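K.L.:
Sequence and predicted structure below; questions after.
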Amino acid sequence: MAKTKMARENWGSKFGFILAAAGSAIGLGNIWKFPYIAGENGGAAFIFVYLICIAIIGLPVLIGEILLGRTTQRNPVGAFKKLSKSKFWISVGFLGVLAGFIILSFYVVIAGWSLGYIWEAISGSFYKFSPTYSSATHFNTLISNVAWNLGFTLGFLLLTMFFVFAGVQKGIEKGSKILMPLLFIILIILAIKGLTMNGSEKGISFLLNPKWRSLHGTSVLIALGHAFFTLSLGMGAMLTYGSYLRKDNNLFSSSTQIVFLDTLIALIAGIAIFTAVFATGQKTDVGPGLIFHTLPVVFTKMSGGYYFSILFFFLLTIAALTSAISLLEVVVSYFVDEKGWKRHNAVIVFGGVTFLIAMPSSLSFNVLSDLHFFGKTFFDLADFLASNIMLPLGGMLISIFIAWVWGFDKALVELKQGAENIFTDKPYIISAWKIFIKYFAPVLIFLVLLNSLGIL
Ligand code: PHE
């Protein structure tokens, strides 16, 4: 009997795909990063600009990325190989796989803190804070402890590997179907708690009343950069998830649902966090420390805070987990598709390699804190390189590829499958998508890139 190639895996249902993709999108970006960058950039004013970026760049590029995956049924490198012979475009796929690796290497460090903080919450550490032993001191003591840092990073990475190891349907899809509803329920509970606290209306007005003066030119670029990060765009995660889709999926409606869920969760997280922060009289513009410095104090000042703190860090860990899974899956799918590796071997090998590159990021907070490259610690460098350079660059090149290299004629033939009704009933949506991918996305992303490099 002739040996046939093992069939490529795919999603069991449309709902499973939506949850997995929303799981990739919803992560530390929504719950850790979004509230603090909104806090630093004028609250409602920033949110307004961010929503525009999501609508005119995020959504069109998301549709494009998933389309590339579904059309080629390949990982990012394989996808470009299938549609173009040019070495340049194939290297764009490599850039994605590499970005996935780099993001994963610092993502697991913060996710590890989150996992560690579940334990801090359970053990009641937040109640030890006093004027002489602040929440920030506590955090700094923990992250300067090498064993604590590396231990939780490894713990989180093993959780991630577990789901990817189990496969697309049995691991990623099944996991998302349990974790995502759980995440949603916990977030709703936290938002209700925040909204019912005395003084919560100040948090709401912060989120609703724009302070245009705090919105700077760079805020707009931060909003656009964040639109990319939060929707997992520009490095092939959505492309890879799209590659496990069958052709009958309506990409317009799926992508809109993913964007809707991602935005909704970021906004509810903002509500849950800012109502509680204002109600307990804490500051909003504290930057990245908002979650690990400020919130523990907030919890000690609210009734039932002990339980809410456990729920919160559990939520943050789940959100990070479903995103980390998608990052590891990009790397694994490349080795499975292109190099013929077995999934299990790829997960073990690249899970291990991720730990090795996560180590310097993790150690940036203690033994390697004085080691700087271009003025940044290893952690900051990995974050900057991936989030501010590789993702926007990848997103720009993907848009250019679809519009100018692969070409709309071919793209539309593919896009039509599963979305015939949009082509006949709402052709203006198709025209809008074309304009956004062809002009808006490349030009605006180029501006973000110049800003990241300090040129603009
Ligand atoms: N979207 C994720 C978040 O918001 C991060 C991520 C970026 C995941 C790129 C996958 C790919 O946290």
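P.N.:
In hand now; what should we look at?
K.L.:
how about the host helix or strand of residue 272, does it reach the ligand?
P.N.:
In this structure, residue 272 is located in helix 251-279 according to DSSP states H and E. No: Helix 251-279 does not reach the ligand (C-beta under 6 Å from any ligand atom); its nearest approach is 7.6 Å. No exception for glycine: its C-beta is placed from N, CA and C like everyone else's.
K.L.:
centre of the chain versus that helix, how much separation?
P.N.:
13 Å (C-alpha atoms, centre = their mean, to the nearest Å).
K.L.:
With stretch 182-196 instead?
P.N.:
What separates the centre of stretch 182-196 from the centre of its chain is 21 Å, taken as C-alpha atoms, centre = their mean.
K.L.:
Can you give me the buried ones in that stretch?
P.N.:
183-184, 186-187, 189-191, 193-195 (16 or more other C-beta atoms under 10 Å).
K.L.:
before we move on, what about stretch 416-435?
P.N.:
Quick answer for stretch 416-435 (16+ other C-beta under 10 Å): 417-419, 422, 430, 433-434.
K.L.:
Find the residue ranges of the stretch 201-350 of the chain scoring beneath the pLDDT cut-off.
P.N.:
For the stretch 201-350 of the chain, the stretches with pLDDT under 70 are 285.
K.L.:
If we ignore the residues flanking it in sequence, what's nearest the residue of the stretch 301-450 of the chain found nearest the ligand?
P.N.:
Closest residue of the stretch 301-450 of the chain to the ligand, C-beta to the nearest ligand atom: residue 323 (4.1 Å). Nearest in space to residue 323, with sequence neighbours left out and distances taken as C-beta to C-beta, 6 or more residues apart in numbering, is residue 27 at 3.1 Å.
K.L.:
Ok, residue 198 next?
P.N.:
residue 279 (6.0 Å).
K.L.:
list the contacts for that neighbour?
P.N.:
Residues in contact with residue 279 (C-beta atoms under 8 Å, 6 or more residues apart in numbering) are 194, 197-200, 202-203, 302.
K.L.:
near the ligand, which residues of the stretch 251-400 of the chain show up?
P.N.:
Proximity of the stretch 251-400 of the chain to the ligand, by C-beta under 6 Å from any ligand atom, involves residues 323, 326-327.
K.L.:
ok, residue 68 touching residue 242?
P.N.:
Yes: taking C-beta atoms under 8 Å as the definition, residue 68 is a contact partner of residue 242 at 7.0 Å.
K.L.:
Break down the stretch 301-450 of the chain into its helices, ranges please.
P.N.:
Taking DSSP state H, counting those that start in this stretch, the helices of the stretch 301-450 of the chain run over residues 305-339, 343-363, 378-383, 391-400, 408-416, 420-425, 427-435, 441-452.
K.L.:
Quick check: which of these is buried the most?
P.N.:
For these, the largest average neighbour count (mean count of other C-beta atoms under 10 Å) is found in helix 391-400, namely a mean of 25.
K.L.:
Could you pull up the mean pLDDT of that helix?
P.N.:
For helix 391-400, the mean per-residue pLDDT is 94.
K.L.:
what do you get for stretch 435-442?
P.N.:
In the prediction, stretch 435-442 has an average pLDDT of 95.
K.L.:
OK, now which residue of the stretch 201-350 of the chain is nearest to the ligand?
P.N.:
residue 232 (3.5 Å).
K.L.:
List the residues that contact that residue.
P.N.:
Counted by C-beta under 8 Å, 6+ apart, residue 232 has contacts 21, 24-25, 27, 238, 323, 326.
K.L.:
Am I right that it is in a strand?
P.N.:
No: in this structure, residue 232 is coil, not part of a strand, as judged by DSSP: H, G, I helix; E, B strand; the rest coil.
K.L.:
in which helix or strand would I find the closest residue to it other than its chain neighbours?
P.N.:
Closest residue to residue 232 apart from its sequence neighbours, by C-beta to C-beta, 6+ apart: residue 24 at 4.6 Å. For residue 24, the enclosing helix or strand under DSSP H and E is helix 14-25.
K.L.:
report the angle between the axes of that helix and helix 305-339?
P.N.:
110 degrees (axes from the mean of the first three to the mean of the last three C-alpha atoms, to 10 degrees).
K.L.:
Flag every buried residue along helix 14-25.
P.N.:
14, 16-25.
K.L.:
same thing with stretch 93-107?
P.N.:
Here stretch 93-107 shows 93, 95-107 as buried, counting by 16+ other C-beta under 10 Å.
K.L.:
Specify which member of those is nearest to the ligand.
P.N.:
residue 103 (5.5 Å).
K.L.:
Contact partners for that closest one?
P.N.:
235, 327, 382, 386-387.
K.L.:
follow-up on the earlier one: could you give the backbone dihedrals for the residue nearest to residue 323?
P.N.:
Per-residue torsions, residue 27: phi -160, psi -150 (degrees, to the nearest 10).
K.L.:
mind checking how far residue 129 is from the ligand?
P.N.:
28 Å (C-beta to the nearest ligand atom, to the nearest Å).
K.L.:
start the count at 33, not 1, going forward
P.N.:
Right, with 33 as the first residue, what we last looked at is residue 161.
K.L.:
what's the closest non-adjacent residue to that residue?
P.N.:
Closest to residue 161 by C-beta to C-beta, 6+ apart is residue 167, at 5.3 Å.
K.L.:
Tell me who's in contact with that neighbour.
P.N.:
158, 161, 324-326, 328-329.
K.L.:
need the contact list for residue 309.
P.N.:
Applying C-beta under 8 Å, 6+ apart, the residues near residue 309 are 235, 315-316, 322, 326-327, 330.
K.L.:
same question, residue 211
P.N.:
With C-beta under 8 Å, 6+ apart, residue 211 has these contacts: 55, 350, 353-354.
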